[in-house]
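>>> model this:
(chains A, B and C)
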Amino acid sequence: MNKTTALLIAGTLGLSWSGTLLAADDYITLASTTSTENSGLFDAIIPTFTEETGIDVRVVAVGTGQAFEIGRRGDADSLLVHDTAGEEQFVADGYATERLNVMYNDFVIVGPSDDPAGISASESVTDAMQRIAESESPFASRGDDSGTNRAELRLWEDAGITPQGEWYRELGSGMGPTLNTAAGMGAYTFTDRATWVAFENPQDLTLLFEGDEALFNQYGSLLLSAERHPHLKHDLAAQWHEWLVSDEGQQAIADYEVDGQQLFFPNAE
Amino acid sequence: MLTSDNAFSTALALILSMDNALISIVVLSLQVSLVAVIIASLIALPLGAALALWRFPGRNVVIIALNALMGLPPVVAGLCVYLLLSRAGPLGAWGLLFTPTAMVIAQVILVLPIIAALTRQQVEALHSEYAEQLNSLGLTRLRMIPTLLWDARFGLITVILAGFGRASAEVGAVMIVGGNIDGVTRVMTTSIVLETSKGNLPMALGLGIILLALVTMINAIAHIIGETAKRRLG
Amino acid sequence: MNAHYAPPTATLELDSVGFIHRGHTLLKPTTLRLTGCQRTLIMGPNGAGKSLLMRLAHGLLTPTSGTVHWQGAPPAQAMVFQRPVLLRRSALNNLTYVLAIHKTARQNRKSQAMSALERFGLAHLAKRPARVLSGGEQQRLALARAWLLNPQVLFLDEPTSALDPAAIKAVEDAVLEFHHSGTRIVMTTHDLHQARRLADDVLFLHNGELLEHTSANDFFTAPSSREAGAFIRGELVW
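Sure, this is the predicted structure:
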């Protein structure tokens, strides 16, 4: 490679680079969960928000635990997560000034279609989880401190079970990879409905248990503390926070469907 | 259901559609990895050459450390850069987290030890051949560096390609420091992770095929340039 | 700059120069004075220390005892090796390279390099990669490179040992051309015929010891040491 070519390449790279860096400053970084990202919700509602306000929303999709950490470190302007207890603690610790209910979906239990633990006949989620534990049927847990993982652990506790043993497999993975693994080993797993409906590799997995009120999965938006992290784009983030609970935002969420199925149910007060 | 058949047809359909989102992902992947490799080379080539030429106490420690860092897990590099660039970290004020620049920094850290360590080997071998002649010409070690790097250029192309391979293939670091933000920091490898997690395996594999094809193409171009030049120059 | 010019030759003094490597004495303490514009040939069987002595004199190696020094300022020197070390670029660029090192103005480099190539009969090979030239051509290119350094002293270490007779002739002619233009020659060889053709004076080494330093005539007609006598008669001396 001669020097001219090298300079040309360097120049081209540099130019297009600065283009990337100089992109509109009107954006916020939103730390949210893989469940919302993977279900495609953001692709559906963010363009509507951007059109109304001119603000772009850049989504970093991580587990709820990591989303809290990103928020604590001041690396995101806004948080949209699903762990109400954790969110309230986050406000109490002074990292956020306000928490609002935005929407909910629900958790479901999926498993191999022959249902060896017979959970499709169970009357409550507690009953279903007891049946899985008693039959020692393989169960794949996220094991990653995500909102879904926290919800699952609370339900085991409610059922009076300490999940352990060879049947209980902590994967330390996101929802999608956990579903892939559960499908591969014919295990039960606990998932949010949105990720499940949008999931494209179910193999022999099928929805076996749903509908218990205890499976309610609430999403909340957090308005971060300007005092704690003054450098964040609080004005823009506040517009997003308020838009989510506005009529327009709530309608956009309600309108999002996959295969004719509504995945998230707006419930802002 | 996944078959290799529909992965290939998905890859082909993706390429043929010339989808804008796909193009921007491909372009960003190449940009990030090429810029990272260029920056890493600018530092690592002279550094590797200097390590080949100078004897100083602790030199072996540096060499062993570089060799070991060739195996640095990308996630660890990513985590370190994350902690550095995070608002709560020492360089937080720069506001670089979740930008392509952060991804470049992480990849530079991954690629630099490879290029430096392999450059040292190549230059050391060449130096043992050239040392007497260059000494006789009165060159200081500092002035030998450009001569040796230039004369080792055919071997160094392969070294730089090895660095590029590592940069373009890794996902752990760019995922953490880039955040896989759609349209901003989403690259080939993070897209593949995302599509896998959605269970969209044909798409994931299709993207993988495109990535492999691109990397193969770049290697082929470099190989052809190198071989032609080698044949001309002996 | 076509005319080669070398200022009056300096004097090299070796004072009790010895060289020990990992406990082995490779050169016993040697005291030696090289003066005038002579053609000095260093002779002796393999392993006698010829190349070592030359490298110590040229400054490529530092003696483990004794001192090497030049009376007055160290003169311009060049060295031609048994196997020429040429850079991986064209013949011409191998020459412009040394001109660049020695800070010749950029616009003069090419013409000077071309005239050196012409002088050594290599002009038609200017664009060829140096590394694909024949052994004889490579050695002539190394001599052309040395020429551009304007050396007052030229060291040559077995420069013809791997060459065919025609190439040997070309190298010997080149050595004479250096000498005629005022360059002192210090050269090792184990070829007696070559030494007879070229030598003004001879250094004879054996087992790391300098046994004789005498005029060529005396050396070939009346060697003072038994080893040198045997060497001249073509007997194996170890």
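
>>> buried stuff in stretch A:46-53?
A:46, A:48-49 (16 or more other C-beta atoms under 10 Å in any protein chain shown). All C-beta atoms are positioned from the backbone trio N, CA, C, and that covers glycine.

>>> chain neighbours aside, what residue packs nearest to the residue of chain B found nearest chain A?
Residue nearest to chain A within chain B: B:S197 (2.7 Å; C-beta to the nearest C-beta). Nearest residue to B:S197, sequence neighbours excluded (C-beta to C-beta, 6 or more residues apart in numbering or on different chains): A:G176, at 2.7 Å.

>>> these two touch, right, the one you found and A:S39?
No - assessed by C-beta atoms under 8 Å, A:G176 is found out of contact with A:S39, at 10.3 Å.

>>> thinking again about what came up before, from the buried residues of stretch A:46-53, which ones fall inside helices?
Under the assignment DSSP state H, those contribute A:46, A:48-49 to helices.

>>> closest one to chain B out of these, please.
A:I46 (8.9 Å).

>>> how close does that closest one sit to A:E52?
A:I46 sits 11 Å away from A:E52, going by C-beta to C-beta, to the nearest Å.

>>> burial of C:A222, as a residue count?
Neighbour count for C:A222, taken as other C-beta atoms under 10 Å in any protein chain shown: 10.

>>> what's the separation between it and C:T214?
For C:A222, the distance to C:T214 - C-beta to C-beta - is 9 Å.

>>> again, but for C:L92
42 Å.

>>> more crowded one of those two?
Legend: neighbour count by other C-beta under 10 Å for C:L92 and C:T214, higher for C:L92 (22 against 17).

>>> residue in chain A nearest to chain B?
For chain A, C-beta to the nearest C-beta, closest residue to chain B: A:G176, 2.7 Å.

>>> tell me, how many residues neighbour that residue?
26.

>>> secondary structure element holding it?
helix A:175-185 (DSSP states H and E).

>>> what's whichever helix or strand comes after that helix in contact with?
Note on helix A:175-185: by DSSP H and E, the next helix or strand toward the C-terminus is strand A:188-192. If you take C-beta atoms under 8 Å, 6 or more residues apart in numbering or on different chains as the criterion, strand A:188-192 is touched by A:35, A:39, A:82, A:105-112, A:117, A:119, A:132, A:137-142, A:148, A:151-152, A:155, A:175, A:178-179, A:182, A:205, A:208, A:217.

>>> strand A:188-192: how far from the chain's middle?
13 Å (C-alpha atoms, centre = their mean, to the nearest Å).

>>> list the buried ones in the worst-scoring helix or strand of chain C on mean pLDDT?
Within chain C, confidence by mean pLDDT, DSSP states H and E is lowest for helix C:226-232 among all helices and strands, at a mean of 89. Across helix C:226-232, burial judged by 16+ other C-beta under 10 Å covers C:227-228, C:230-232.

>>> likewise for stretch C:120-128?
Quick answer for stretch C:120-128 (16+ other C-beta under 10 Å): C:120, C:122, C:125-126, C:128.

>>> distance between the ends of it?
15 Å (C-alpha to C-alpha, to the nearest Å).

>>> now do the closest residue to B:T158 other than its chain neighbours, the pLDDT please.
The shortest distance from B:T158 to any non-neighbouring residue, by C-beta to C-beta, 6+ apart, is to B:G226 (7.7 Å). B:G226 is assigned a predicted lDDT (pLDDT) of 82.

>>> beta-bridge partners for C:T214, please?
C:V202 (DSSP bridges).

>>> residues touching it, list them.
Counted by C-beta under 8 Å, 6+ apart, C:T214 has contacts C:201-202, C:224.

>>> please apply the same query to C:P159.
C:80-82, C:139, C:142-143, C:171, C:175, C:187.

>>> 7 Å instead, please
C:80, C:82, C:139, C:171 (C-beta atoms under 7 Å, 6 or more residues apart in numbering or on different chains).

>>> could you find the closest non-adjacent residue to it?
Here the residue nearest C:P159, using C-beta to C-beta, 6+ apart, is C:V80, at 5.0 Å.

>>> so where's chain B shaky on pLDDT?
B:1-5, B:234 (pLDDT under 70).

>>> buried residues, the helix or strand containing B:S24. List them.
According to DSSP H and E, B:S24 maps onto helix B:20-53. Of the residues in helix B:20-53, B:22, B:24-26, B:28-41, B:44-53 count as buried by neighbour count, 16+ other C-beta under 10 Å.

>>> and A:V110, how many neighbours?
Neighbours of A:V110 (other C-beta under 10 Å): 24.

>>> not counting residues beside it along the chain, what's closest to it?
A:V110's closest residue in space is A:L205 (C-beta to C-beta, 6+ apart), at 4.9 Å.

>>> hmm, the one you found is touching A:I109, no?
No - look at A:L205 against A:I109 with C-beta atoms under 7 Å: they stay out of range, at 10.5 Å.

>>> which stretches in the stretch 151-269 of chain A count as strands?
Taking DSSP state E, counting those that start in this stretch as the test, the strands found in the stretch 151-269 of chain A are A:168-170, A:188-192, A:205-209, A:216-224, A:257-258, A:261-262, A:265-266.

>>> buried residues in the third one?
Just to be clear, that refers to strand A:205-209. For strand A:205-209, by 16+ other C-beta under 10 Å, it's A:205, A:207-209.

>>> ok, the nearest residue to A:A44 once chain neighbours are set aside - how many residues close by?
Excluding the flanking residues, the one nearest A:A44 by C-beta to C-beta, 6+ apart is A:Y256, at 4.4 Å. Neighbour count of A:Y256, defined by other C-beta under 10 Å: 19.

>>> if I look at A:Y256, how far off is A:L179?
On the measure of C-beta to C-beta, A:Y256 and A:L179 end up 20 Å apart.

>>> so which residues on chain B come close to chain C?
B:129-130, B:132-133, B:135-137, B:139, B:151, B:232-234 (C-beta under 7 Å from any C-beta of the partner chain).

>>> need the contact list for the most centrally placed residue in chain A.
By C-alpha atoms, centre = their mean, chain A has its centre lying nearest to A:T33, at 2.7 Å. Contact analysis of A:T33 by C-beta under 7 Å, 6+ apart lists A:61, A:63-64, A:67, A:81-82, A:146-147.

>>> specify the beta-bridge partners of it.
Residues in beta-bridge contact with A:T33 (DSSP bridges): A:V62.

>>> measure the closest residue to C:L125 other than its chain neighbours to A:L236 for me?
Nearest non-adjacent residue to C:L125, counting by C-beta to C-beta, 6+ apart: C:A91, 5.2 Å away. Separation of C:A91 from A:L236 (C-beta to C-beta) stands at 66 Å.

>>> ok, A:I161 - contacts?
A:I161 touches A:129-130, A:133, counting by C-beta under 7 Å, 6+ apart.

>>> same check on C:L117?
C:91-92, C:95, C:123, C:126, C:144.

>>> for the residues you listed, which one is nearest chain A?
Of the contacts of C:L117, the one sitting nearest to chain A (C-beta to the nearest C-beta) turns out to be C:L92, at 17.1 Å.
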